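A.B. asks: Pasting the sequence and the predicted model now:
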Amino acid sequence: MDNATIALIIAVLSFAVSFWNVFRDRSRLIVKSKFIPAHPDYGPDRIWFKAINKGRRPIYIRTIGGNLRNISAHKWTGTRIGKTDFGEKLEEGQFYEAYWKAGDIYADGPDFEDEYVDIWLEDSHGKRHKVPRSEKYIQKLKASRDC
């Protein structure tokens, strides 16, 4: 191999390593969820969800909310979380978890009452991260409450 070929190989490998570091050096929020059925020892039916920061940069979760069933005046609503205006800070590998019980699937305000269709978490950039299978789990909670 001549020097130009070796230099080209080193340059390509250096670019690949730099690209990988840039790709990993961002905040990435992964959301998991599970429906937990009622049990005498552990309480009523509930939806459990967990947001994990899989990136290297910190991320703030500001709102837990969802879209509403009867789209009259309000299409969605949410609740701020965290101790500061920024929200709940998640460093690399940290997580935030919450439970929703049957009463939590109903949203009400001063001028409306409605029912959530899905659940999402909003970060400080305004991006909404949908809770997986939340529509199905909300229907299960509603059915268990109606029984």
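C.D. replies: Yes, it's here. Numbers count the residues shown, from 1 in each chain.

A.B. asks: Strands along this structure, start to end?
C.D. replies: According to DSSP state E, the chain carries its strands in the segments 29-36, 46-53, 59-67, 76-80, 88-90, 95-101, 106-108, 113-115, 120-123, 128-130.

A.B. asks: Of all the ones you listed, which one is nearest Lys142?
C.D. replies: Evaluated with Cβ to Cβ, these place strand 113-115 nearest to Lys142, the distance being 7.6 Å. C-beta: built from backbone N, CA, C; applies to glycine.

A.B. asks: Redo the strands of the chain as a markdown table? Include mean pLDDT.
C.D. replies: Formatted as a markdown table, the strands of the chain follow (pLDDT from 0 to 100):
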| stretch | mean pLDDT |
| --- | --- |
| strand 29-36 | 94 |
| strand 46-53 | 94 |
| strand 59-67 | 92 |
| strand 76-80 | 87 |
| strand 88-90 | 91 |
| strand 95-101 | 93 |
| strand 106-108 | 80 |
| strand 113-115 | 82 |
| strand 120-123 | 94 |
| strand 128-130 | 94 |
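
A.B. asks: Let me have those in JSON lines, adding mean neighbour count and distance to Ala11 as columns.
C.D. replies: As requested, these are exported to JSON lines (neighbours: other Cβ atoms under 10 Å; distance: least, Cβ to Cβ, whole Å):
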{"stretch": "strand 29-36", "mean neighbour count": "16", "distance to Ala11": "34"}
{"stretch": "strand 46-53", "mean neighbour count": "20", "distance to Ala11": "33"}
{"stretch": "strand 59-67", "mean neighbour count": "22", "distance to Ala11": "33"}
{"stretch": "strand 76-80", "mean neighbour count": "15", "distance to Ala11": "48"}
{"stretch": "strand 88-90", "mean neighbour count": "20", "distance to Ala11": "36"}
{"stretch": "strand 95-101", "mean neighbour count": "16", "distance to Ala11": "39"}
{"stretch": "strand 106-108", "mean neighbour count": "14", "distance to Ala11": "56"}
{"stretch": "strand 113-115", "mean neighbour count": "15", "distance to Ala11": "58"}
{"stretch": "strand 120-123", "mean neighbour count": "21", "distance to Ala11": "36"}
{"stretch": "strand 128-130", "mean neighbour count": "16", "distance to Ala11": "37"}
